[in-house]
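1. Mind looking at a prediction? Sequence and model below.
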Amino acid sequence: MNLTNFAIAFFILIFCVFSIATSSIAIECYQQSDLKNKKQGNWIFIITNLVTSILFSLLAIRSMYKSYIDVDFQA
């Protein structure tokens, strides 16, 4: 197991989980108020942040798995 790659992927996963949580809270607040129509740029940024965080979390999980299973894994 390559501990350095595993640790980096783990911290990326933790940051992605926090980003998903904050994006979800922001989306819920924007839907409950009228900010969705007033600040369209922020709304698009929040959606993009959520999708990017989900993709990076999947990539981090894959990287953690590969670094745990493969001995010769290069990130």
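-> Alright, I've got the coordinates.
2. Chain neighbours aside, what residue packs nearest to S57?
-> Nearest residue to S57 in three dimensions, chain neighbours excluded: C16, at 3.8 Å (C-beta to C-beta, 6 or more residues apart in numbering). Placement of C-beta: from N, CA and C, glycine included.
3. can you check I46 too?
-> Computed as C-beta to C-beta, 6+ apart, the closest residue to I46 that is not its neighbour in sequence is A26, at 4.9 Å.
4. Kindly report the same for S19.
-> The shortest distance from S19 to any residue that is not its chain neighbour, by C-beta to C-beta, 6+ apart, is 4.0 Å, and that residue is S53.
5. again with S67
-> Counting by C-beta to C-beta, 6+ apart, the nearest residue to S67 once its immediate chain neighbours are dropped is N5, at 3.9 Å.
6. Does the one you found lie in a helix or a strand, and which?
-> helix 3-32 (DSSP states H and E).
7. Just the mean pLDDT for the very next helix or strand once past that helix, thanks.
-> Past helix 3-32, heading to the C-terminal end, the next element that is a helix or strand (DSSP H and E) is helix 35-38. Helix 35-38 shows an average pLDDT of 79 in the prediction.
8. which helices and strands sit right next to helix 35-38?
-> Here helix 35-38 touches helix 40-69, going by 3 or more C-beta pairs under 8 Å, 6 or more residues apart in numbering; DSSP states H and E.
9. by contact count, what packs against the helix it packs on?
-> For helix 40-69, where contacts count as 3+ C-beta pairs under 8 Å, 6+ apart, the packed elements are helix 3-32, helix 35-38.
10. Could you measure from the residue lying closest to L13 once chain neighbours are set aside over to I54?
-> Leaving out its chain neighbours, the residue that sits closest to L13 by C-beta to C-beta, 6+ apart is A60, at 4.0 Å. From A60 over to I54 the distance is 11 Å, taken as C-beta to C-beta, to the nearest Å.
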